[in-house]
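**Q** Next come a sequence and a model predicted from it.
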Amino acid sequence: MRIGTNIAAYMAESQLSSVESKLSQSLNRLSSGYKINNSKDDPAGMSMAQKLRIQVKELDRAGMNAQNGISVVDTAEGVMSEVESILQRMRELAVQGASDTYTDEDRGNIMSEISQLRDEIDRISKDTQYNNQNLLDGTYERKSYSYDAGGRMTGQVSVLYASGDVPAGDYTIQISGGKIDATDATIQAAFGADAIAVADGNKVTIKKENGFELDIALNDSTMSDQTVKLSITDLGGLPIQVGNNEGQIINVVIPRMSAANLHIDDVDYTTAEGCSLAISKLDTAISYVSRARGNLGAYQNRLDSTALSISGTNENLTQALSTLADTDMAYEMTEYTSKNVLQQAGISMLTQANQMPEKILQLLQ
């Protein structure tokens, strides 16, 4: 028996310290509700849990972005509905004015209303906003630029509309006699053998199979005969961030809704012939607006699906985070009870070990 070193007490104290550390850890987990409270609890698990927490928060924001995107598209589509109603009224008046039962004076009165309706379309195009951002003035349509033969940027040729099926790139536009050369040979040389062009004053509509449609306009009828390069890009549109990483966006393209884009800025209702011509132009304009509304409807459906997808992903990630980081209260309470009993036993044994040297006094009597 030795009194210099109480080996039993050291062993009991070591075990008691270990149990108290684990008991403190259980208390921390039970009180916080988290399995991982410090990096020492699980270094790899804490790193993963932090990344999951960040991802869940970011996806929450992405889901809100998708909902905001739906609101933007709803706003634009609702206004386009009113534009379509105006166009239908204008067509009704064109049918009325095309009849010779009306005099030129009557048609002049009709033209007064037409002018007001046309101005209202331009006002809607200019003034429709969401969060102080213009929607229908071309701000969020595909961007394009024109260059003269010397490579200088010029606004003399502009794109009124480019469908999503028009590939980005450079296209050669021929100017002849103060107009865009819309002959089959010239158009097909620039846009392909299946391209068909229809000229309407200073405007030309080029169509191909599979939804290709390009509306361009010559803004300067005094231009000399020359070649203009038209550069159409994939830039533009309203990017909506629907993910937590770079590039995870949906680009919503909203076309301009002005009278010029609808090819009705030059309709003339003062004659029966002008009214008859306006009927076909308004049919084209109504088709344009209907197609634009259909595209916005497709964006709405896509954003709805995106929002649901984000919600489902977030739910699964939250469950994964809970499994990784949240305390299993039943298991942890069992651990706490076990460590509490061991702590009490350790205290008792340490007390007994500290009393053992006193027995040596019996040998000294």
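**A** Sure thing, it's come through.
**Q** only C-alpha atoms for contact and neighbour calcs from this point on.
**A** OK.
**Q** Now do T222: how many residues are near it, please.
**A** T222 has 10 neighbours, counted by other C-alpha atoms under 10 Å.
**Q** which SS state does it fall under?
**A** coil (DSSP: H, G, I helix; E, B strand; the rest coil).
**Q** now it, nearest residue through space, not along the chain?
**A** Nearest residue to T222 in three dimensions, chain neighbours excluded: G178, at 5.7 Å (C-alpha to C-alpha, 6 or more residues apart in numbering).
**Q** show me the contacts for the one you found.
**A** By C-alpha atoms under 8 Å, 6 or more residues apart in numbering, the residues touching G178 are D220, S221, T222, M223, S224, D225.
**Q** And those, which is closest to M329?
**A** D220 (77.3 Å; C-alpha to C-alpha).
**Q** Can you report phi and psi for the closest one?
**A** phi -140, psi 100 (degrees, to the nearest 10).
**Q** One more: E92?
**A** phi -60, psi -40.
**Q** Report pLDDT for it.
**A** Model confidence at E92, expressed as pLDDT, equals 95.
**Q** what does T5 give?
**A** So T5 comes in at 69 (pLDDT).
**Q** next one: the one 3 residues further on
**A** Among the per-residue scores, A8 holds a pLDDT of 76.
**Q** and it, how far is that from A278?
**A** A8 sits 107 Å away from A278, going by C-alpha to C-alpha, to the nearest Å.
**Q** More neighbours: which of the two?
**A** Per other C-alpha under 10 Å, whichever of A8 and A278 has more neighbours is A278, with 25 against 15.
**Q** Phi, psi for the more buried one please.
**A** Per degrees, to the nearest 10, the backbone of A278 is at phi -60, psi -30.
**Q** for the closest residue to it other than its chain neighbours, helix, strand, or coil?
**A** Excluding its sequence neighbours, the residue lying closest to A278 (C-alpha to C-alpha, 6+ apart) is V267, at 5.8 Å. Using three-state DSSP, the structure places V267 in coil.
**Q** mind listing what the residue nearest the centre of the chain touches?
**A** Nearest to the mean C-alpha position of the chain, counting by C-alpha atoms, centre = their mean, stands I240 at 2.0 Å. With contacts defined as C-alpha under 8 Å, 6+ apart, I240 is in contact with N65, A66, G69, I249, I250, N251, V252.
**Q** now the residue nearest to T222: how far from L317?
**A** 62 Å.
**Q** got it, and D328?
**A** As judged by C-alpha to C-alpha, D328 and L317 stand 18 Å apart.
**Q** same deal with P357?
**A** For P357, the distance to L317 - C-alpha to C-alpha - is 59 Å.
**Q** next structured bit after the lengthiest strand in the chain?
**A** Taking DSSP state E as the criterion, the chain has its longest strand at strand 226-236. Counting by DSSP states H and E, the next helix or strand C-terminal to strand 226-236 is strand 238-241.
**Q** Touching the helix or strand just after that next one from outside, list them.
**A** Following strand 238-241 in sequence order, the next helix or strand is strand 249-252 (DSSP H and E). Outside strand 249-252, the residues that touch it by C-alpha under 8 Å, 6+ apart are Y140, G237, L238, P239, I240, Q241, V242, G243, Y299.
**Q** count of residues packed around Q226?
**A** Applying other C-alpha under 10 Å, I find that Q226 has 14 neighbouring residues.
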